[in-house]
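# Please find the sequence and the predicted model below.
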There are 2 protein chains.
Amino acid sequence: MEQIKDEWIKLVRDLQNEICQALESRDGKAVFEEEEWERKEGGGGITRVIANGNVFEKGGVNTSVVHGKVNDGMRNQLKIDGENWFAAGISVVIHPVNPYVPTIHCNYRMFELYNGDGHLTDRWFGGGTDLTPCYLFPEDAIAFHRLYKVTLDAFDQSFFDQFKKSCDDYFVNTHRNNERRGIGGIFYDYKRPDKDRHAVFWMDLAKACGKGFIASYIPIVDKRKDIAYGEKEKYWQEIRRGRYVEFNLVHDRGTLFGLKTNGRIESILMSLPPTVRFEYNQSPVPGSEEEELLKVCLAPVDWANL
Amino acid sequence: MEQIKDEWIKLVRDLQNEICQALESRDGKAVFEEEEWERKEGGGGITRVIANGNVFEKGGVNTSVVHGKVNDGMRNQLKIDGENWFAAGISVVIHPVNPYVPTIHCNYRMFELYNGDGHLTDRWFGGGTDLTPCYLFPEDAIAFHRLYKVTLDAFDQSFFDQFKKSCDDYFVNTHRNNERRGIGGIFYDYKRPDKDRHAVFWMDLAKACGKGFIASYIPIVDKRKDIAYGEKEKYWQEIRRGRYVEFNLVHDRGTLFGLKTNGRIESILMSLPPTVRFEYNQSPVPGSEEEELLKVCLAPVDWANL
């Protein structure tokens, strides 16, 4: 039992190192600053933050390994049952400078529950990667989704379609006419090991998808980071970032979990974009590039199978 | 019964007109744009928005008169019981350009519940005004609180201290070490008319406090709107606006009520500041003016009785 925990912790920390290295080498200016923190109720994490780079305006690549007693907030709001919990995972959010480079998020995590005697009563895996562009490049959207399709097909040919749909269903500003945060990706949760698929299956899948972060994102960064932009594009980026804030603070389960479990607030809210704009009744000009993006947020596209 | 409704609706609309006039005359450039809207499930509102003025960067002075069937979201999250509900109120949020002029919010509302036969089963009043400066001027804080103390003392000498405490207890970012959104003001809720204090008592109180908005805020605007400021002050304003966003989207009952009842989203989220900044681990320099403000947000001061 402890072996799986240890392997999982090693997996997320290795991913953290690889992702930081890939992003730093792309940025060429800013480097990640690391902060190790401890949680009073149990466990801690390693937060790595990059800011004001050539390419990345604000980003975090965080791991945490935390545990505690199940409290009422978790029971009521998160429907969690048991005496003690353990969670470990990696969480990445990158907000680039250039409005033509998409924001990206990924998170891979394992969760365990124990009874009063300390016996493991439940374990599940969850995760996903999703892309949030301000401007749509269909070729980027296709390449991004196909990479995850190929990655997941190696595990189960039915996964990609399921996980794509879960992603479209999850990252939704329901209060904004079901507008999606971005153009989706993959999302899965509550994957419990069974006799056919042991924990190692779900760990391998998370590892493959985690490595997919670099393989899917870096080529897009390289293609778009030097496109010229002006005030109009920065303005639209800040408007879209506003929707990102709305999703994360109103709807996101991960943020809610962090707030309910007395998590380290600066690591949880590291996901929020650096500069943001909220305007009354903002909507893009009909026929504009901005409206093209909005359309695919309102009606998700099956990019991998186009 | 209908008479109280009508009087209340007239009261909030009159306040809306007075407040808009007072703010417009101060701004001297921007004017309020009005939008009347209807709610599919019942009722509607009048949204008035000001933007990019000399003094006010973004603000809304909204009234709404809405009704509907009690749904599960309201029952579970808002603990509301009954068949049908009615709500009417005024809601004001003003974000000034100059970081030395405080943001202000007020809201005065009446809520009614009915059983299946259409009989009134419950009615209550709520409201308040609170001030959110980025820089602290103790004389402004004192004048602001004293005005509401004098106003409330005319109704009941115990109210001010109660309502001040409720305000300090309500506008709290519990996830940020109980940091208050600003320097407080007054807040009251669930005030049910009884044989000693009829509905008209609570309407008069709301009217007096609503007029207090102008009397308390305009003198502060006049004193502070022409103070010179630079990038440092604007930066700090945007950081503080970030905390405002966090409170409104994570904790505010009014926002939650709007989202759960399918309210008009642009009118609900009009409260969000125009430009906002989220930085990792931001904290003011020890001994700075910025830290002075933060201190009184972390430990509220009894300004009226200083």
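Nice, thanks for sending it over.
# What confidence value was assigned to A:Leu78?
The model reports A:Leu78 with a pLDDT of 69.
# who in the stretch 51-200 of chain A is up against chain B?
Residues of the stretch 51-200 of chain A lying close to chain B by Cβ under 8 Å from any Cβ of the partner chain are A:51, A:58, A:60, A:175-176. The C-beta positions use only the backbone N, C-alpha and C, and glycine is treated the same way.
# So which of those is the closest to B:Phe201?
Ranked by distance to B:Phe201 (Cβ to Cβ), these are led by A:His175 at 35.8 Å.
# Quick check: what element follows the least confident helix or strand in chain A by mean pLDDT along the chain?
Using mean pLDDT, DSSP states H and E, helix A:72-78 stands out as the lowest-scoring helix or strand of chain A, at a mean of 77. Heading C-terminal from helix A:72-78, the first helix or strand you meet, by DSSP states H and E, is strand A:84-96.
# name the helices or strands packed onto that following strand?
Packing partners of strand A:84-96 (3 or more Cβ pairs under 8 Å, 6 or more residues apart in numbering or on different chains; DSSP states H and E): helix A:2-27, strand A:56-69, strand A:103-114, helix A:199-224.
# Now render those as CSV, adding mean pLDDT.
Output for the helices and strands packed on strand A:84-96, formatted as CSV (pLDDT from 0 to 100):
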stretch, mean pLDDT
helix A:2-27, 96
strand A:56-69, 96
strand A:103-114, 97
helix A:199-224, 98
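# Can I get those in TSV including mean neighbour count and distance to A:Met270?
Formatted as TSV, the helices and strands packed on strand A:84-96 follow (neighbours: other Cβ atoms under 10 Å in any protein chain shown; distance: least, Cβ to Cβ, whole Å):
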stretch	mean neighbour count	distance to A:Met270
helix A:2-27	17	14
strand A:56-69	22	4
strand A:103-114	22	11
helix A:199-224	19	17
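# Quick one, which of the ones you listed gets closest to B:Phe163.
Nearest to B:Phe163, of all these, is strand A:56-69, at 36.6 Å by Cβ to Cβ.
# got the angle for the closest one vs helix A:2-27?
170 degrees (axes from the mean of the first three to the mean of the last three Cα atoms, to 10 degrees).
# Flag the shaky bits of the stretch 51-200 of chain A, pLDDT-wise.
A:78 (pLDDT under 70).
# For chain B, give me its nearest residue in it.
As assessed by Cβ to the nearest Cβ, chain B sits closest to A:His175 within the stretch 51-200 of chain A, at 4.9 Å.
# Skipping its backbone neighbours, what lies nearest that residue in space?
B:Leu259 (4.9 Å; Cβ to Cβ, 6 or more residues apart in numbering or on different chains).
# give me the number of residues near that neighbour?
B:Leu259: 20 surrounding residues under other Cβ atoms under 10 Å in any protein chain shown.
# so it touches A:Val250, yeah?
Yes. B:Leu259 lies in contact with A:Val250 (Cβ atoms under 8 Å); the separation is 7.0 Å.
# who touches both of these two?
Listed as contacting both B:Leu259 and A:Val250 by Cβ atoms under 8 Å, 6 or more residues apart in numbering or on different chains are A:His175.
# hmm, back to that, how is the residue nearest to A:His175 assigned, secondary-structure-wise?
helix (DSSP: H, G, I helix; E, B strand; the rest coil).
# residues in contact with it?
A:175, A:250, B:265, B:268.
# if I look at it, how far off is B:Arg75?
15 Å (Cβ to Cβ, to the nearest Å).
# just A:Ile80 next, same as before
Applying Cβ to Cβ to A:Ile80 and B:Arg75 gives a distance of 22 Å.
# Those two: who's more crowded?
For A:Ile80 versus B:Arg75, the count of surrounding residues by other Cβ under 10 Å is larger for A:Ile80: 18 against 13.
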